[in-house]
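> no sequence for this one, just the structure:
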C-alpha cells in the first residue's frame, strides 16, 4: 500500500487529499487558506477527527511544510517519505497534453508557456508544484489537466469561426474544463451499460461552475466550456455563451472598462445576475416558492440552457445511452434535475421516477424507469481520486 497525495493549489490556498493506493481509501483531507496572511487557516479531517488552527503562513512552501508536519503530529504518517507520489490539478494544458504528465522540466515549461491562457490558475498551480518540490525534493509527481480529456475533440468541434490566423497565433480554440471530472464520470457510468455497448453519454457537471460533454466510447467529442470556463451554459455567477457584441455594448453604455465588465460577466452574472439574489440554487428555489419572479426566471433560464446543450449533444452523438447528473447541483438538487428533465423528456423519450429523483441527494443511483429510452443517473464526482489514480499508475505501479 502506497500513500499518494492529490493537490489543488490556488493563489492563496492549498487543498489536499491523502489516499492509500491502490485501494483508494481516503486517509485524510484538508485545506490551507489565506496563504500569505498572518491569519492563515489550516484545516484537516482524519479518522473522524477535525482540526483547525489559525497561524501566519508566508508562502506555499510554508503551507506544505505545515500540512506535512500536521500529518506527523496527528499520527497519519511517521515521516515525509511515506508520501510516495503527488498529483497536481492544472486548469490549462492547452494542446500540449491529452493525458496527465509526469512533472519534469519539459512539463513545467509547457505549463508556464500556457499562463496567458489561464493567468490566475496556471501561475498558482506552478507555485504549488514548486512548493512541494522544495519540501519533498525526492517525491515524484504528476500533473492532471482539466483540459486533457477534451483533447479528443475534432478540429470542427473545437475551432471558433474567427480569422484563422488568430487561432494559430494566439491558440484561440475550445479547450473545455472539468475534464478530470468528465473522465471519472464516464468511467463510473459504464457500470450502468452493457459491457459490449457502443456507449454514448452526455455528462452534466453542474456546480457553481458547470459544463457538459458528449462522450462516445470513452472519448470526448464535444464540451460546453470554451477558451475559458466563462463559456457554455449559464452558471452560478458566469454568463455562459453570449453574443460577443453584448460585451462592447455594455462597455460603451456604462463607461466601465473592459476588465470591469469581464469581471462582472465572470462574478456577477448567471443565476446571481438574473435573480439579483444569489448564485446558490437552494436560495433561488426558496425565493421562487415565495413568489419571486426573477428567481423563477433564473431557475427556468438555467434549466433551458442545460436542456439546449443536451439536445445539441444528442444530435452530435446520434443518440444517447445514458445521461449523467453530477457536481454540487447535479448531485444534490432534485428540483433543478427535474427542471432539466421536464425540458427534454418528450423529445428524447425519457421517463424518470419523480419520487426516486426527489430522494436522491449525494448518492449514486439510476433515476430513470426501466422503459426510458435513455438511462438517467446521478453520480457523485471525485476529481481527486482520478488525480491520485493517475499518480499511482504512472509513478508507482
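Received, thanks. Just so you know, these numbers come straight off a predicted model, no measurement behind them.
> What count of nearby residues applies to the nearest residue to residue 214 once chain neighbours are set aside?
Distances taken as Cβ to Cβ, 6 or more residues apart in numbering put residue 313 closest to residue 214, at 3.8 Å, once the chain neighbours are dropped. Any C-beta I mention is one placed from the backbone N, CA and C, and that applies to glycine too. Per other Cβ atoms under 10 Å, the neighbour tally for residue 313 reads 24.
> need the next SSE after the helix-or-strand element of the chain with minimal mean pLDDT, C-terminal direction.
Ranked by mean pLDDT, DSSP states H and E, the weakest helix or strand in the chain is helix 119-135, scoring a mean of 87. Sequence-wise, the next helix or strand downstream of helix 119-135 (DSSP states H and E) is strand 141-145.
> what about residue 387, which SS state?
helix (DSSP: H, G, I helix; E, B strand; the rest coil).
> ok, so what distance separates it from residue 258?
35 Å (Cβ to Cβ, to the nearest Å).
> So for these two, which sits in the more crowded spot?
Per other Cβ under 10 Å, whichever of residue 387 and residue 258 has more neighbours is residue 387, with 28 against 11.
> ranges for the helices of the stretch 101-250 of the chain?
For the stretch 101-250 of the chain, the helices defined by DSSP state H, counting those that start in this stretch occupy 105-113, 119-135, 155-158, 164-170, 179-189, 244-254.
> out of the ones you listed, which comes closest to residue 204?
helix 179-189 (8.9 Å; Cβ to Cβ).
> sorry, back to before: hmm, who's touching the least confident helix or strand of the chain?
By Cβ atoms under 8 Å, 6 or more residues apart in numbering, the surrounding residues in contact with helix 119-135 are 7-11, 14, 59-61, 63-65, 68, 80, 86, 88-92, 103, 108, 111-112, 114-115, 139, 141, 143.
> Now it: buried residues?
Neighbour counts using 16 or more other Cβ atoms under 10 Å place 121-122, 124-133, 135 of helix 119-135 among the buried residues.
> which of those residues lies closest to residue 394?
Closest to residue 394, out of all of the buried residues of helix 119-135 and judged by Cβ to Cβ, is residue 129, at 15.3 Å.
> Nearest to the spatial middle of the protein, which residue is it?
For the chain, the residue nearest the mean C-alpha position is residue 178 (3.4 Å; Cα atoms, centre = their mean).
> Do I have it right that it meets residue 206?
No. Using Cβ atoms under 8 Å, residue 178 makes no contact with residue 206, being 10.1 Å away.
> who touches both of the two?
Jointly contacting residue 178 and residue 206 under the rule Cβ under 8 Å, 6+ apart are residue 327.
> hang on, the earlier thing: columns distance to residue 397 on top of the buried residues of helix 119-135, output as a markdown table?
As requested, those are arranged in a markdown table below (distance: Cβ to Cβ, whole Å):
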| residue | distance to residue 397 |
| --- | --- |
| 121 | 29 |
| 122 | 28 |
| 124 | 29 |
| 125 | 24 |
| 126 | 26 |
| 127 | 29 |
| 128 | 24 |
| 129 | 22 |
| 130 | 26 |
| 131 | 26 |
| 132 | 21 |
| 133 | 22 |
| 135 | 25 |
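> for those, which one is nearest residue 23?
In terms of Cβ to Cβ, no member of the buried residues of helix 119-135 lies closer to residue 23 than residue 132, at 23.0 Å.
> Identify each buried residue in stretch 32-45, please.
32, 33, 34, 35, 40, 41, 42, 43, 44.
> again, but for stretch 356-370
Under 16+ other Cβ under 10 Å, the buried positions of stretch 356-370 are 356, 357, 360, 366, 367, 368.
> Can you name the two of those that sit furthest apart?
Spanning the widest gap among these are 360 and 368, at 11.4 Å by Cβ to Cβ.
> Then residue 370 would be within a strand, right?
No. Assigned with three-state DSSP, residue 370 falls outside any strand and is coil.
> please begin residue numbering at 12 from this point
Let's use 12 as the start, then, which means that last one is residue 381.
> Distance check, it against residue 367.
Distance from residue 381 to residue 367, by Cβ to Cβ: 12 Å.
> again, but for residue 100
Distance check for residue 100 against residue 367: by Cβ to Cβ, it reads 33 Å.
> can you check residue 122 too?
In terms of Cβ to Cβ, residue 122 sits 43 Å off from residue 367.
> what does residue 71 give?
Look at residue 71 and residue 367: by Cβ to Cβ, they are 45 Å apart.
> swap in residue 326?
Using Cβ to Cβ, we find residue 326 at a distance of 28 Å from residue 367.
> Let me have the buried residues of stretch 367-381 in JSON lines, adding secondary structure, distance to residue 193 and pLDDT as columns.
Listed next are these as JSON lines, based on DSSP: H, G, I helix; E, B strand; the rest coil; distance: Cβ to Cβ, whole Å; pLDDT from 0 to 100:
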{"residue": "367", "secondary structure": "helix", "distance to residue 193": "24", "pLDDT": "95"}
{"residue": "368", "secondary structure": "helix", "distance to residue 193": "22", "pLDDT": "96"}
{"residue": "371", "secondary structure": "coil", "distance to residue 193": "20", "pLDDT": "94"}
{"residue": "377", "secondary structure": "strand", "distance to residue 193": "19", "pLDDT": "96"}
{"residue": "378", "secondary structure": "coil", "distance to residue 193": "20", "pLDDT": "96"}
{"residue": "379", "secondary structure": "strand", "distance to residue 193": "20", "pLDDT": "96"}
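> Redo the helices of the stretch 112-261 of the chain as CSV? Include distance to residue 37.
Converted to CSV, the helices of the stretch 112-261 of the chain look like this (distance: least, Cβ to Cβ, whole Å):
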stretch, distance to residue 37
helix 116-124, 27
helix 130-146, 19
helix 166-169, 35
helix 175-181, 41
helix 190-200, 15
helix 255-265, 43
